[in-house]
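Trainee: Quick one, structure for this:
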Amino acid sequence: MSKLWRIHDIEIKQHSYWDHIEQFILSEDTYPHYSIFCIINGTFDYKLLGESGQAELGDVILCPPNIPLKRKAITPLQFHFFQFIYKGLEEEQMPVGLLTFKDKERLMSTYERLKDIAFDESGHSNKWKAHLLSDIFQIYSMENQLVTIEEEPKIHDSIINEALHHIHEHAFTDISIKKLSSELNLSSVQFTRRFQASVGVSPIDYLTSLRLRRARTLLLETDYTIEDIAVRCGYNNGFYFSRIFSKKMKMSPSQFRKTHKI
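Mentor: A predicted model of the protein is given here:
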């Protein structure tokens with residue numbers, strides 16, 4: 001999720017705070033809007049869009065509209081629940097499923113502010129809630145932008161872990177994301193949605209980040225030609241590499257080398 005979440009694009013439709021719940025009344029439910037479970041305490045099993053697992057503190061479950069979510073409390077739960085409309089991202093850009101946060105302390109601080117206004121349904125309150133919900137998404141977005149520079153992140157989803165391992169091993173070859181999704185028995189759409197939900201960016205964007213990280217190193221530490229660097233980073237030719245590099249870095253490879261080389 002590389003896009004910025006804009007507060008004015010979030011419209012809160014429902015906010016419920018549950019201080020203690022032993023079990024969900026319904027084992028499966030479908031909501032007309034985007035819905036999110038922000039877990040403060042406890043653990044529950046979930047199944048959504050073929051993804052299943054357990055969610056606990058540091059996790060949120062984000063569910064798209066009109067998609068069934070199966071859930072079962074394993075221990076007593078404390079959580080915030082939202083339904084909201086977001087007009088800033090296209091559907092394929094929206095991360096869904098289990099979103100895991102590293103900075104639990106920051107997350108809990110936001111949850112405390114939400115608790116203070118949980119039962120206030122005024123217009124001002126809903127604006128504050130939109131701000132705090134945006135904050136949660138911004139934290140996730142920032143953390144997962146950093147994922148793309150780690151050697152190989154560990155993800156809850158075993159299928160996506162397998163995909164990440166394959167991408168890291170073959171990033172600088174003529175790798176095919178479509179072929180990879182087929183080998184994992186997923187359609188391209190399913191794979192992209194599942195990958196983005198776990199990692200925070202699409203498979204193509206992740207692959208591009210790995211390639212451009214190597215390209216930046218080669219530009220600054222070697223005298224290889226742009227064509228040589230393109231091939232060493234998995235691109236077929238220097239023209240296509242330059243186009244991708246310029247789009248992402250806002251300058252050409254030659255400009256980057258001239259500007260940053262010491």
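
Trainee: Got phi/psi on the residue of the chain positioned farthest from its centre?
Mentor: Seen from the C-alpha centroid of the chain, the residue lying at the greatest distance (Cα atoms, centre = their mean) is residue 223, 36.1 Å away. With angles defined as degrees, to the nearest 10, residue 223 sits at phi -110, psi 20.

Trainee: Same question for residue 22.
Mentor: As for residue 22, its main-chain torsions (degrees, to the nearest 10) stand at phi -80, psi -40.

Trainee: cool, and residue 103?
Mentor: For residue 103, the backbone dihedrals are phi -90, psi 80 (criterion: degrees, to the nearest 10).

Trainee: Residue 99 versus the nearest residue to it once chain neighbours are set aside, what's the distance?
Mentor: Closest residue to residue 103 apart from its sequence neighbours, by Cβ to Cβ, 6 or more residues apart in numbering: residue 139 at 6.3 Å. Placement of C-beta: from N, CA and C, glycine included. Per Cβ to Cβ, to the nearest Å, residue 139 is found 10 Å from residue 99.

Trainee: And the two? Which one has more around it.
Mentor: It is residue 99, of residue 139 and residue 99, that has more neighbours when counted by other Cβ atoms under 10 Å, with 24 against 17.

Trainee: who are the neighbours in contact with that one?
Mentor: By Cβ atoms under 8 Å, 6 or more residues apart in numbering, the residues touching residue 99 are 59-62, 140, 197.

Trainee: List the buried residues of whichever strand or helix holds it.
Mentor: In this structure, residue 99 sits in strand 97-100 according to DSSP states H and E. For strand 97-100, burial by neighbour count (16 or more other Cβ atoms under 10 Å) applies to 97-100.

Trainee: And those, which is closest to residue 47?
Mentor: Using Cβ to Cβ, residue 97 comes nearest to residue 47 of the buried residues of strand 97-100, at 10.0 Å.
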